[in-house]
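Colleague: show me how the following folds:
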Amino acid sequence: MLDVIINEELIESAKLLGFKQVIVARHSLADVKDGNAVIVSANDIRSAKKKSKYVIAKSSDKDRYVIEHEKPFMLIGLGESTKSDKTKKREIGINQVLCKLAAKNNVSFGFNFKSLLTADIERRAIILGRWMHIARIARKYKVKCNIISLAESQEDLRDAYDFQAFANLIGF
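Modeller: I've put the predicted structure just below:
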């Protein structure tokens, strides 16, 4: 299993919790060292690819362009949009076209578990419903999905088996 964390000091703790691969991510390009990942917006992907092997892109309205042309390692923030859901449609941010492109270009979808834990109860229900919808579409088109912690402290870390059980529960 894969986990992405923010704090370098938590690498050993994450490995003890059962993660086989732990990637340290940074929020700015200036802080990137060899082997680190960088979390960037859609506009900064090209410059980030020059400095880092793992580029994690934040979801935006440019997702199709990002998946098709920039091909980041992972796309995070899907389903966390502040747009309200319609009566018969969820605002999940992806469709079958994006899933086909993601599978073809080997782009995985990342789900930030920390954002789910810090959300209030009503928002948490909306995010969970959207993640379940994304899981259904991603499974259909064979897109890789990862639940990541983005841990900054020891309290933010979770066991790998907890993530695996949660992923099975929502349908990955």
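Colleague: quick one: name whatever helix or strand follows the longest helix seen in the chain.
Modeller: Across the chain, the helix with the greatest residue count (assigned by DSSP state H) is helix 121-140. Going down the chain from helix 121-140, the next helix or strand is strand 145-148, by DSSP states H and E.
Colleague: before we move on, back to that, so for the longest helix of the chain, mean pLDDT?
Modeller: In this model, helix 121-140 carries a mean pLDDT of 92.
Colleague: stretch 157-167 now?
Modeller: 92.
Colleague: ok, and what's touching it?
Modeller: 1, 3, 5, 10, 13-14, 17-19, 113, 145, 147, 149, 151 (Cβ atoms under 8 Å, 6 or more residues apart in numbering). All C-beta spots, glycine's among them, are computed from the backbone N, C-alpha and C.
Colleague: repeat that for 6 Å
Modeller: 1, 13, 17-19, 147, 149, 151 (Cβ atoms under 6 Å, 6 or more residues apart in numbering).
Colleague: quick one, phi psi at the most centrally placed residue in the chain?
Modeller: Closest to where the C-alpha atoms of the chain average out (Cα atoms, centre = their mean) is G110, at 1.9 Å. With angles defined as degrees, to the nearest 10, G110 sits at phi -110, psi 140.
Colleague: list the beta-bridge partners for I39.
Modeller: Assessed by DSSP bridges, I39 has beta-bridge partners I56.
Colleague: closest one to K104 out of the contacts of stretch 157-167, please.
Modeller: Of all the contacts of stretch 157-167, I147 has the smallest distance to K104: 22.7 Å, by Cβ to Cβ.
Colleague: dump the residue contacts of the closest one.
Modeller: By Cβ under 6 Å, 6+ apart, the neighbours of I147 are 111, 113, 163, 167.
Colleague: any chance of those residues in JSON lines, plus distance to A57 and secondary structure?
Modeller: Formatted as JSON lines, those follow (distance: Cβ to Cβ, whole Å; DSSP: H, G, I helix; E, B strand; the rest coil):
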{"residue": "F111", "distance to A57": "14", "secondary structure": "strand"}
{"residue": "F113", "distance to A57": "18", "secondary structure": "helix"}
{"residue": "F163", "distance to A57": "21", "secondary structure": "helix"}
{"residue": "A167", "distance to A57": "21", "secondary structure": "helix"}
